[in-house]
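1. sequence plus the predicted model coming up.
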Amino acid sequence: MDQHVCDTRLFSMHNLDPSQQQVEKYSNKPIAGALYMLGSALVFAMLGALVKTLSQSLSNEMVVFFRNVFALIFIIPWVWYRKPVGGIKTSKYHLHMLRSAAGLGAMYCYFYALAHMKLGEAVLLNYTTPLFIPIIAYVWIKESVPRKVIAAVIIGFAGIILILKPGSGLFDPVAIIALTAGILASFSFVTIRRMAPTEPPVRIVFYYTLLATVFSCVPLLWAWQTPGTTLWWILILTGLVAVSGQLLMTKSYNLAPAAQVSPFMYAIVVFATIMGFLFWGESLDILSLGGALLVCLAGIMATLHFQKTQNP
């Protein structure tokens, strides 16, 4: 997911591989699927809290690098087991590079926001991705935007304005960075859409994880810090939590149609807000709370429409 946090999460939500699609067609246990999705939302909220904790002692570059390393450790045996058709050989290197650059940029922005703003607001702005996907898809690959999606985008941007509070000293720069994470993740997703006709899901995930790990090594030349024993354990836990969230999400899509369970992922905003209050004494003001409701509503509307068009 993760994300990216953001990136593997987007991949799982919108690009099920054939075996998963087949399971989705014949398995319809919406209550069980919703519970697994809620579990995934809770785990990804925990991941955000862990990243916020790590960011108090380690630089953003360090946290991003180790997040990618642990993802790669998990992905390599998975790719070996799944054996994608055609192996890992690809002719779409330029698209893989674009996707990796966008996804990694989203991760840097998201983790920075987690470190410098309220947990609930950082998570929420990161989850504005469904609002930007139709805009980027329209500009880049000329996909039409239905009226329902346009309405969702307008509602979502109204919510974003409430969260950013432009009247209170213009925009908070950190909030803009959090919003940029959602925009970059949207670009990453549209890039996946460009590759999907020829690139199997396993290959897409493999190249992103490999390239993101390699790229995130570079900043360590000037930002390396040797983690203490406690931080090492938290880093390991971060990797385990990220993998657990991914597995719970995958199980959810195996149990019920994506259109039924995807909206429950927005429970992550509730969980993150609660964790922010319990561990850091954070709370959302009235404007932010209203904006959160609008963004979640818009995200659910856009996601439901997308899933219905992909799974008629």
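-> In hand now; what should we look at? Residues are numbered from 1 along each chain as shown.
2. where do the strands sit along the stretch 201-312 of the chain?
-> For the stretch 201-312 of the chain, strands defined by DSSP state E, counting those that start in this stretch do not occur.
3. contacts only, for Asn68.
-> By Cβ atoms under 8 Å, 6 or more residues apart in numbering, the contact list for Asn68 reads 104, 107, 209, 212-213, 216. Placement of C-beta: from N, CA and C, glycine included.
4. which among these end up buried?
-> Among those, those classed as buried by neighbour count (16 or more other Cβ atoms under 10 Å) are 104, 107, 209, 212-213, 216.
5. in the chain, which helix is the longest?
-> As assigned by DSSP state H, the longest helix anywhere in the chain is helix 229-255.
6. list the buried residues of that one.
-> 231, 234-235, 237-239, 241-255.
7. over to stretch 50-69?
-> 50-55, 58-69.
8. need the distance between the two termini of that stretch.
-> Stretch 50-69 has an end-to-end distance of 16 Å (criterion: Cα to Cα, to the nearest Å).
9. what about it, distance to the chain center?
-> Centre-to-centre, stretch 50-69 and its host chain are 16 Å apart (Cα atoms, centre = their mean, to the nearest Å).
10. over to stretch 290-301?
-> Distance, centroid of stretch 290-301 to centroid of chain: 16 Å (Cα atoms, centre = their mean).
11. may I have that stretch exported as CSV, CA atoms only?
-> Below are the C-alpha coordinates for stretch 290-301, written out as CSV (Å, rounded to 0.1, in the frame of the first residue of the first chain):
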residue,chain,number,x,y,z
GLY,A,290,-17.1,18.7,7.7
GLY,A,291,-14.4,18.6,5.1
ALA,A,292,-13.6,15.0,6.1
LEU,A,293,-17.2,13.9,5.6
LEU,A,294,-17.4,15.6,2.2
VAL,A,295,-14.1,14.0,1.0
CYS,A,296,-15.1,10.6,2.3
LEU,A,297,-18.5,10.9,0.6
ALA,A,298,-17.0,12.0,-2.7
GLY,A,299,-14.3,9.3,-2.6
ILE,A,300,-16.9,6.6,-2.0
MET,A,301,-19.1,8.0,-4.9
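12. hmm, who's touching it?
-> 120-121, 124, 127-131, 148-149, 151-156, 158-163, 262-263, 266, 269, 273, 284.
13. quick check on these: which are buried?
-> Buried among these by 16+ other Cβ under 10 Å: 120-121, 124, 127-131, 149, 152-153, 155-156, 159-160, 162-163, 262-263, 266, 269, 273, 284.
14. from those residues, which ones fall inside helices?
-> If you go by DSSP H, the buried ones among the contacts of stretch 290-301 have 120-121, 124, 129-131, 149, 152-153, 155-156, 159-160, 162-163, 269, 273 in helices.
15. got the contact list for Lys52?
-> By Cβ under 8 Å, 6+ apart, the contact set of Lys52 is 114-115, 119, 280.
16. can you do 7 Å?
-> Contact partners of Lys52, counting by Cβ atoms under 7 Å, 6 or more residues apart in numbering, are 114-115, 119.
17. helix/strand/coil for it?
-> Assigned by DSSP: H, G, I helix; E, B strand; the rest coil, the conformation of Lys52 is helix.
18. now do the same for it: its pLDDT.
-> pLDDT, the model's per-residue confidence, is 95 for Lys52.
19. that one and Ile183, how far apart?
-> 21 Å (Cβ to Cβ, to the nearest Å).
20. cool, Ile192 as well?
-> Using Cβ to Cβ, one gets 15 Å for the distance from Ile192 to Ile183.
21. could you do Ile176 as well?
-> 10 Å.
22. more neighbours, these two?
-> A direct count of neighbours by other Cβ atoms under 10 Å for Ile176 and Ile183 places Ile183 higher, at 21 against 14.
23. what about that one? Give its phi and psi, please.
-> Taking degrees, to the nearest 10, you get phi -70, psi -50 for the backbone angles of Ile183.
24. quick check: which element contains the closest residue to Met275 other than its chain neighbours?
-> Counting by Cβ to Cβ, 6 or more residues apart in numbering, Ala49 is the residue found nearest to Met275 once chain neighbours are left out, at 4.8 Å. Using DSSP states H and E, Ala49 sits in helix 30-54.
25. repeat for Phe65
-> helix 60-82.
26. quick check: mean pLDDT across that helix?
-> The pLDDT scores in helix 60-82 average 85.
27. got it, and stretch 182-199?
-> 83.
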